[in-house]
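Q: Got a predicted structure here, sequence first:
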Amino acid sequence: MRSSLVLASASPFRHTLLDNAGLAFKARAAEIDERALEQPLEASGASPSDVALVLAEAKARDVARYFPRALVIGSDQTMSLENRVYHKPRSMAEAAGHLLSLSGKVHSLNSAIVLVRDDEVVWRHVSTANMTVRRLTDGFIDRHLARVGEKALTSVGAYQLEGEGIQLFEKIEGDYFTILGLPMLPLLSKLRELGAIDA
């Protein structure tokens, strides 16, 4: 008998990605304090990929308590530029600061997936996309944020690539699903290997 699948996330984007792929699954948001988990990791010099993996595992383990024998999908994404790890902007001024700091540089989106069954980690994976932002003027940033409004506060980079955020970029190296926060191809491959979905 196949394991039932559970997505440990309330993210409508991740929900839609699994839905669109034709997967039957349940979803439940994890109840963890991400900042409390992140702070000691960042202080100890953990890489942005490691931080994403720890958070993805914590989410999957939290939700697995409610779904015995189910295969729980935990995921998380970090955004990094050199040694700086970014968090969602708390204000439009902070969003402008994010975009200004990314101008003319290459930053990384590190998307982690961890599969947990009961108390066992079945699989861990991180995919990274490298994002080259074109040189942005202060005026362009102000006009861009005025157009997109509060949406800029809903993502760590203060942009949505699937919307007007595409105008910020010069070059993108990486998988689209990694950018959205759930690397679908490696996930589907592993679920087939585990017999959790039709192969």
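A: Done, it's in.
Q: neighbouring contacts of the longest helix along the chain?
A: The helix that spans the most residues within the chain, counting by DSSP state H, is helix 48-64. The set of residues external to helix 48-64 that reach it, using CB atoms under 8 Å, 6 or more residues apart in numbering, is 6, 8-9, 28-32, 34, 37-38, 41-42, 46, 70, 72-80, 85, 108, 110-119, 121, 124, 126, 128. C-beta here means a position set from N, CA and C on the backbone, and glycine is covered the same way.
Q: Derive a ChimeraX selection command for the buried subset of these.
A: Buried residues within these, by 16 or more other CB atoms under 10 Å, are selected in ChimeraX with:
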select :6,8,9,28,30,32,37,38,41,42,46,70,72,73,74,75,76,77,78,79,80,85,108,110,111,112,113,114,115,116,117,126,128
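Q: circling back: quick one: average confidence on the longest helix of the chain?
A: Averaged across helix 48-64, the pLDDT comes to 96.
Q: Adjacent strands (with direction) for the following helix or strand past it?
A: Where DSSP states H and E defines the elements, the next helix or strand beyond helix 48-64 is strand 71-81. According to DSSP bridges, strand 71-81 forms sheet pairs with strand 5-7 (parallel), strand 84-86 (antiparallel), strand 106-117 (antiparallel).
Q: residues of the strand or helix carrying R143 that come out buried?
A: Following DSSP H and E, one finds R143 within helix 138-148. Judged by neighbour count (16+ other CB under 10 Å), helix 138-148 contains these buried residues: I141, H144, L145, V148.
Q: quick one: strands adjacent to the helix or strand that it is followed by?
A: Next helix or strand after helix 138-148 toward the C-terminus (DSSP H and E): strand 169-173. Applying DSSP bridges, strand 169-173 is found paired with strand 120-133 (antiparallel).
Q: got a list of contacts for the strand it pairs with?
A: For strand 120-133, the external contacting residues (CB under 8 Å, 6+ apart) are 49, 52-53, 56-57, 60, 71, 99, 102-116, 157, 168-175, 177-179, 183, 186-187, 190, 194.
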